[in-house]
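Undergrad: Kindly generate the corresponding structure for this input.
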Amino acid sequence: LRWPFAFAAVCFATYPVFTQDMWLSAAWGRMIAAGINPYQTLFTPAFVAGLPLDHFPMPMSYGPFWGLVSAAVTTIAANDPVAIGLVSKALLASAWIGALLLVARITAARPLPERCLVLAAFGWTPLSVTQTVAEGHNDMAMIALALLWFWLLLRGRGAAPLALAASVLVKYVTAPLLLLDMIFALRGQRIGWRCFLLRIAAPPLLALGVLALF
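TA: So this is what the prediction gives:
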């Protein structure tokens with residue numbers, strides 16, 4: 001479990017060379033912080049000023065929750081490109097470490113060899129840490145929230161679908177898991193219909209609240 005922390009520390013100091021995703025997020029974050037909807041408006045040279053971004057203008061391709069996070073990053077970093085890079089890397093490294101710790105918690109009751117195998121599969125795979133911490137892909141934010149959903153689900157917590165909804169609002173790939181959440185609530189937890197309706201209403205209400213900000 002200690003080695004992945006060392007991997008993350010090394011990757012934190014690595015400059016992104018294979019992808020521009022982190023800088024795209026920064027450009028869209030600047031737009032949102034300025035009150036401009038990046039789903040409707042393409043970024044202009046003013047919003048990429050100082051960023052090492054060489055990309056054609058395009059609408060935001062990520063979910064709205066990640067857009068709000070990106071806006072917060074640019075605001076905290078005071079729009080300074082170096083600070084934006086450092087804050088973004090700290091956020092993604094935290095997501096990766098959080099996901100690793102959630103994997104450890106989810107497998108806590110399993111035999112030790114199996115736990116070690118799972119932690120190595122997640123934490124020792126080069127692509128896992130380099131694409132997140134070194135290159136700045138935001139997929140790990142989606143994955144960490146999905147793992148949080150799974151951990152809460154196994155403990156019967158009512159906040160589980162909200163964590164999954166937040167994951168979907170980062171990237172839409174995890175949306176089909178909402179069906180599994182509903183099936184588990186009905187058949188695994190056997191909750192009543194009133195609680196079930198509240199449970200399935202929570203994710204869309206959260207999504208509507210986030211979308212309303214745009």
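Undergrad: quick one: pLDDT of the most centrally placed residue in the chain?
TA: Central residue of the chain (C-alpha atoms, centre = their mean): residue 141, 1.7 Å from the mean position. For residue 141, the pLDDT comes out at 97.
Undergrad: what's near enough to touch it?
TA: Contact analysis of residue 141 by C-beta atoms under 8 Å, 6 or more residues apart in numbering lists 66, 69, 91-92, 95, 170. Placement of C-beta: from N, CA and C, glycine included.
Undergrad: Residue 37 too?
TA: 31, 214.
Undergrad: Show me the shaky parts of the protein.
TA: 188-193 (pLDDT under 70).
Undergrad: the helices in this protein, which residues?
TA: 2-12, 21-33, 64-76, 81-106, 112-123, 126-129, 139-154, 160-168, 177-183, 193-212 (DSSP state H).
Undergrad: just the angle between the second one and helix 139-154, please?
TA: Looking back up the chat, that one is helix 21-33. Interaxial angle of helix 21-33 relative to helix 139-154 (axes from the mean of the first three to the mean of the last three C-alpha atoms, to 10 degrees): 80 degrees.
Undergrad: What is the neighbour count of residue 201?
TA: Look at residue 201: counted by other C-beta atoms under 10 Å, it has 11 neighbours.
Undergrad: That should have said residue 161, apologies.
TA: Residue 161 has 25 neighbouring residues, counting by other C-beta under 10 Å.
Undergrad: Surely it is in contact with residue 199?
TA: Yes: using C-beta atoms under 8 Å, residue 161 makes contact with residue 199 at a distance of 5.7 Å.
Undergrad: if I look at the two, which residues touch both of them?
TA: Residues touching both residue 161 and residue 199 (C-beta under 8 Å, 6+ apart) are residue 181.
Undergrad: distance of residue 8 from residue 90?
TA: Per C-beta to C-beta, to the nearest Å, residue 8 is found 11 Å from residue 90.
Undergrad: anything in contact with each of these two?
TA: In contact with both residue 8 and residue 90: no residue, using C-beta under 8 Å, 6+ apart.
Undergrad: more neighbours, those two?
TA: The residue with more neighbours, out of residue 8 and residue 90, is residue 8; 21 against 13, by other C-beta under 10 Å.
Undergrad: Enumerate every residue touching that one.
TA: Applying C-beta under 8 Å, 6+ apart to residue 8 gives the contacts 93, 96-97, 129, 133.
Undergrad: picking up where we left off before, take the helices of the chain and write them to TSV, including distance to residue 50.
TA: Formatted as TSV, the helices of the chain follow (distance: least, C-beta to C-beta, whole Å):
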stretch	distance to residue 50
helix 2-12	21
helix 21-33	10
helix 64-76	11
helix 81-106	4
helix 112-123	34
helix 126-129	28
helix 139-154	24
helix 160-168	30
helix 177-183	38
helix 193-212	28
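Undergrad: among those helices, which is nearest residue 56?
TA: When those are compared by C-beta to C-beta, helix 21-33 sits nearest residue 56, at 10.7 Å.
Undergrad: helices and strands around the closest one, which ones?
TA: Other helices and strands packing on helix 21-33, by 3 or more C-beta pairs under 8 Å, 6 or more residues apart in numbering; DSSP states H and E, are helix 64-76, helix 81-106.
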